[in-house]
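> Here is my input, please return the structure:
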Amino acid sequence: MKKTKIFTLTLLVALLAAGCSKSEQEEGAVTASQNQKNRLWIFANDMGRDGSKVSINPETPNDEAQWIEDELVAVNGTVYKVAFDDQYQKYFLKDISTNQPVMPFSDEMSALYPGASFGRNIVEIVNGKEVVMSQLEIAFLDDDRQAMAFPMVAGATANSSELYFDHLSAGVQITLSNPNDNINITRLTIVAQSDDEVGNLGIENTDTIARWAVEGPWVPLGLVGHNPDEIDVKYSSVMNFVLTDKVNETEYKTLESGNELKFCIPITISKMDRIKVIGYDDNGDIAFYVKKEFSGGTDELRSNNMYALPVIRIGQIAE
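Below is the predicted model:
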C-alpha cells in the first residue's frame, strides 16, 4: 500500500471504514445463501472487520463501523433503504414504499451509496456512474462516534444475494484544536488544493467515481486579505459540511476552549498540496480560516485509504 512522502500526512493503519474479512465474508455469504436467499445483504470489502461502513469512531475509524438504518442505496437506478436483521445481525436493503426486503435481481447489479440525498446530505447520481456531493453532514453520535456518508460502489452477478461495496474516495482524519473561546460550529468549507491538475478517485478499470460539485481552477473564497495567492492554484476540490450534534440535538457542534474536535471526511482528488478549513459559527459568520501546506505535496492518494492530518490549530478572525 502506497504511503505519502510527506511527514504532515499519515496513512492510518486501518483505513477508511470497517467491512468484512475474507473469512467473515464467506461465513456471511453461506448464511445468506442457505437461509436468506430472499434478501439482498450489504457488506463493505477489504477492511478486515465485522460490520460495514457509515457510523465510525473517528479516533479509530477501523473499529466497529456500522451501516445506519434508513439511509439510501441505489441499485440499478432504483433507490432503497438500509435495514438491519436482528436474527442474522446483518444489514440488507428494503423497498422504500412497501418496507419489504429487496429480492436478489435477475439481472446483473450495480449499486451506489449514497443513492440519493437524505437528511442533510445533498448528493446527485449522474449517469448512474458519478456520486456528486454538494453537502455532507458530519453527525456526532453517542460514544464519540461519527456518521459520514463516504461514497461507495458495489456490483454483483444476477441472482446474487450479497453486495460487497468498495470506497470510491480516500479520506482524511482532521483534528481541530481551539485555543480561544467556545465556538458553535454550524458548517465547514474544506478546500483540498493541488498545484497540478489531478483526477478523481474511483475503482480501477471502471468509470465510476465520486466527486464534489465544485472542482477545478480555484476561485477565491473567504475574507478579503486572506487569499492573495489563491488565483495561482490550478486545481481545487471544495467540500461543504454541516455539523450536527445528535446527543444534544443541535445543528452545530460546540468546540470548547482548550479542546479538540476530531472527524473523518471523504476526499476525491488524487493529490493535494494544501488544505484550507473555513469554519462558520451559529450566527453564520466566519469564525476561523486556517491553511495547512504540505511540503512537496502528497504522493498519489488512494481510494479506500484514510490519511491522518496533524492537529490544526484554529484562530479567531480579527474584527
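
> Quick check: which ranges of the stretch 151-300 of the chain have low pLDDT?
Applying pLDDT under 70 to the predicted model, the residue ranges of the stretch 151-300 of the chain that meet it are 205, 218-233, 295-299.

> give me every residue that touches Met239.
Going by C-beta atoms under 8 Å, 6 or more residues apart in numbering, Met239 touches 133, 136, 189-192, 212, 265-267. Where C-beta positions appear, they are placed from N, C-alpha and C, glycine not excepted.

> 10 Å instead, please
For Met239, the contacting residues are 133-136, 172, 188-192, 212-215, 265-268, 275, 277, by C-beta atoms under 10 Å, 6 or more residues apart in numbering.

> before we move on, what about Asn38?
For Asn38, the contacting residues are 32, 92, 100-104, 161, taking C-beta under 10 Å, 6+ apart as the criterion.

> where do the strands sit along the stretch 151-300 of the chain?
Ranges of strands within the stretch 151-300 of the chain are 152-156, 162-167, 170-177, 183-185, 187-194, 209-212, 214-216, 235-245, 253-255, 260-267, 274-280, 286-293, based on DSSP state E, counting those that start in this stretch.

> First-to-last residue distance for stretch 197-216?
With C-alpha to C-alpha, to the nearest Å applied, stretch 197-216 spans 8 Å between its terminal residues.

> Next, give phi and psi for Asp142.
Backbone dihedrals for Asp142, given as degrees, to the nearest 10, come out at phi -60, psi 160.

> Please report the distance of it from Phe43.
With distances defined as C-beta to C-beta, to the nearest Å, the gap from Asp142 to Phe43 amounts to 24 Å.

> What of Leu255?
With distances defined as C-beta to C-beta, the gap from Leu255 to Phe43 amounts to 35 Å.

> quick one on the thing from earlier: would you mind writing the ChimeraX command to select the buried ones in the contacts of Met239?
Typed into ChimeraX, the next command selects the buried ones out of these (criterion: 16 or more other C-beta atoms under 10 Å):
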select :133,135,136,172,188,189,190,191,192,212,214,215,265,266,267,268,275,277
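
> Just the helices from the chain, written as ranges.
22-35 (DSSP state H).

> Closest to the centroid, which residue in it?
By C-alpha atoms, centre = their mean, the mean C-alpha position of the chain lies nearest to Phe150, the distance being 2.7 Å.

> Check what pLDDT that one gets.
Taken from the predicted model, the pLDDT recorded for Phe150 is 91.

> For the residue nearest to it when sequence neighbours are not counted, which residues are in contact?
Counting by C-beta to C-beta, 6 or more residues apart in numbering, Pro266 is the residue found nearest to Phe150 once chain neighbours are left out, at 5.0 Å. For Pro266, the set of contacting residues under the criterion of C-beta under 10 Å, 6+ apart consists of 16, 131, 133, 136, 148-152, 167-172, 201, 210, 212, 239, 303, 306.

> Identify the farthest-apart pair in the contacts of Asn38.
In these, two members sit farther apart than any others by C-beta to C-beta. They are Ala32 and Gln100, at 16.9 Å.
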